[in-house]
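Q: sharing a model that was predicted from the sequence below.
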Amino acid sequence: MSDSREKTDQHIRSAYIWNTTGSMLNAFQSVIILMVLTRVCDIVTAGVFTLAYANANLFIHMGSFGMRPFQASDVEPKYGFRAYGRARIITCTAMVLCSWAWLAFSAVANAYPWDKTMAVALMTLMKGVDSVEDVFDGSFQQSGRLDISGKQMTFRVATTIVVFCGTIILSRSLIVATICGFVWTVSFLVGNLLLVRKKYDLPEIHPTARSQSPIQLLRECLPLFLASFLLYYVGNAPKYAIDSVMDDTMQAIYGFIAMPVFIVGLLAQFVYMPMVQPVSAMLKERDFKGFTHAFVRQVGVIVGITLVCITGAALVGPPVLGWLYHTDLSPWRLELCLLVLGGGFLAMAQLFTMGITIMRRQRLLTPVYFVIALVALFVSGPLVQSMGIRGASFCYIACMAFLAVWFCLLFSWCLRRVRSS
């Protein structure tokens, strides 16, 4: 009994270490690539990469379909791995087709040159591998082995950065680098999954699960997909507005100062992602006090991370980012601080979204996201047109603040309903 408990504790510690390391690498992936691009190529190429990366990460939410928190908290389990795997094949196919259809529309509407179109299309394929990996990571976490997915993500992202940046230096071509990055990341993932299967006999297939239907699973996760997709769209609406009314140079500058936003979110995520399975168990056992305290602690962590990042942004943000990206960013100090604060609100919204999902009230998320997405769609363009990057920053922080406050209230309401049921 003690040996089993000790082994479990080792897995939990290892999960935190590797999940933290992998999340940090993932957070800094675009930062490192942009550093290389601005030095080896030019700021226009960096702007193209910024748009391509944002577009790919938007449609990744279609590939993952918001399924990870649902899968990791499926402790019974209700669905077997075959259902999750088949559902992921459907969603990843839809991801590629829809992203390319959107790209075709954008290319015609905004008169993209062929190399920009190709770069955006290829980046979707490269980042789409993340969606495939995610279904396996969810299964590992469901089995209490988040440490395995953390190691897998860490080594895959690290080696992909090396391959991508090395190819940029040798070829000076974003397209060639993206092709090489895609080939490498697929090869690494396949090899690693075969190794994990042989060594740990994972993922668990769960043949006795109540359902193996991918369609039923997709129906249940549809609100989660809509929520995550619309949230990411809202976060990137300023970039799409910049793409429509400004040039690739301004797109690059906005991408440079927006970088800390994703660091805030990812730093918060690697702190609260390992808590999904434990708090799901608390809810199942009706330990509402422990469940509530876990979320209160994470709110405190997010506030702390955000305050530290805002302080750093105000004091040394422009010179540090300017050195990283080989660009003078001193005129954008206020915009940088606004975006970092918005990143804190985003992390808070994601935390409460996870809690609402664990309570299986995810259908309540969709209407709110539709409203804020429509607001972002119609407001971001005029704000960017009239105020430039400052307008984009105001749009971002307003949308994120609204979501954080609304989902905090919704989380509290759902918790009261669960307590009384």
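A: On my side now, so go ahead.

Q: give me the below-cutoff pLDDT ranges for the stretch 201-350 of the chain.
A: Within the stretch 201-350 of the chain, the ranges that satisfy pLDDT under 70 run 263, 265-274, 277.

Q: quick one, helices of it?
A: Secondary structure of the stretch 201-350 of the chain (DSSP state H, counting those that start in this stretch): helices at 214-245, 248-272, 276-284, 288-325, 333-358.

Q: looking at those helices, which is closest to D115?
A: helix 248-272 (11.5 Å; C-beta to C-beta). The way it works is simple: take the backbone N, C-alpha and C, and place the C-beta from them, glycine included.

Q: got a list of what the residue lying closest to A281 once chain neighbours are set aside touches?
A: Leaving aside its sequence neighbours, A281 sits nearest to V75 (C-beta to C-beta, 6 or more residues apart in numbering; 6.3 Å). By C-beta atoms under 8 Å, 6 or more residues apart in numbering, the residues touching V75 are 142, 277, 280-281, 284.

Q: for those, pick the one with the most neighbours.
A: Highest neighbour count within these: Q142, with 25 neighbours (other C-beta atoms under 10 Å).

Q: would you confirm that that one contacts E76?
A: No: between Q142 and E76 there is no contact under C-beta atoms under 8 Å: 10.2 Å.

Q: what's around V296, how many residues?
A: Quick note: V296 (other C-beta under 10 Å) scores 10 neighbours.

Q: let me fix that, I meant to ask about I215.
A: Neighbours around I215, by other C-beta under 10 Å: 12.

Q: check L334 too.
A: Number of residues near L334 (other C-beta under 10 Å) recorded here: 13.

Q: gap between it and V405?
A: 23 Å (C-beta to C-beta, to the nearest Å).

Q: cool, and S244?
A: For S244, the distance to V405 - C-beta to C-beta - is 29 Å.

Q: what do you get for S187?
A: S187 is 45 Å from V405, by C-beta to C-beta.

Q: who has more neighbours, these two?
A: When S187 and V405 are compared on other C-beta under 10 Å, the one with more neighbours turns out to be V405, at 14 against 11.

Q: so which helix or strand takes in that one?
A: helix 389-420 (DSSP states H and E).

Q: hmm, T366 is touching L226, no?
A: Yes: T366 lies in contact with L226 (C-beta under 8 Å); the separation is 4.7 Å.

Q: between the two, which one's more packed in?
A: Between T366 and L226, L226 has the larger neighbour count (other C-beta under 10 Å), namely 21 against 16.

Q: show me the contacts for the more buried one.
A: Counted by C-beta under 8 Å, 6+ apart, L226 has contacts 66, 365-366, 369-370.

Q: narrow these to those that are buried.
A: Applying 16 or more other C-beta atoms under 10 Å to these, the neighbour count classes 66, 365-366, 369 as buried.

Q: will you turn the residues you listed into TSV that also has pLDDT and secondary structure?
A: Formatted as TSV, the buried ones among the contacts of L226 follow (pLDDT from 0 to 100; DSSP: H, G, I helix; E, B strand; the rest coil):
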residue	pLDDT	secondary structure
G66	85	coil
L365	82	helix
T366	83	helix
Y369	86	helix
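
Q: N192: which of those is nearest?
A: For the buried ones among the contacts of L226, the nearest to N192 is G66 (24.4 Å; C-beta to C-beta).

Q: which residue packs closest to the closest one, ignoring adjacent ones?
A: The nearest residue in space to G66 (C-beta to C-beta, 6+ apart) is L224, at 2.8 Å.

Q: quick check: which element contains the most centrally placed residue in the chain?
A: Central residue of the chain (C-alpha atoms, centre = their mean): N57, 7.0 Å from the mean position. According to DSSP H and E, N57 maps onto helix 43-64.

Q: right, I'll call it a day here.
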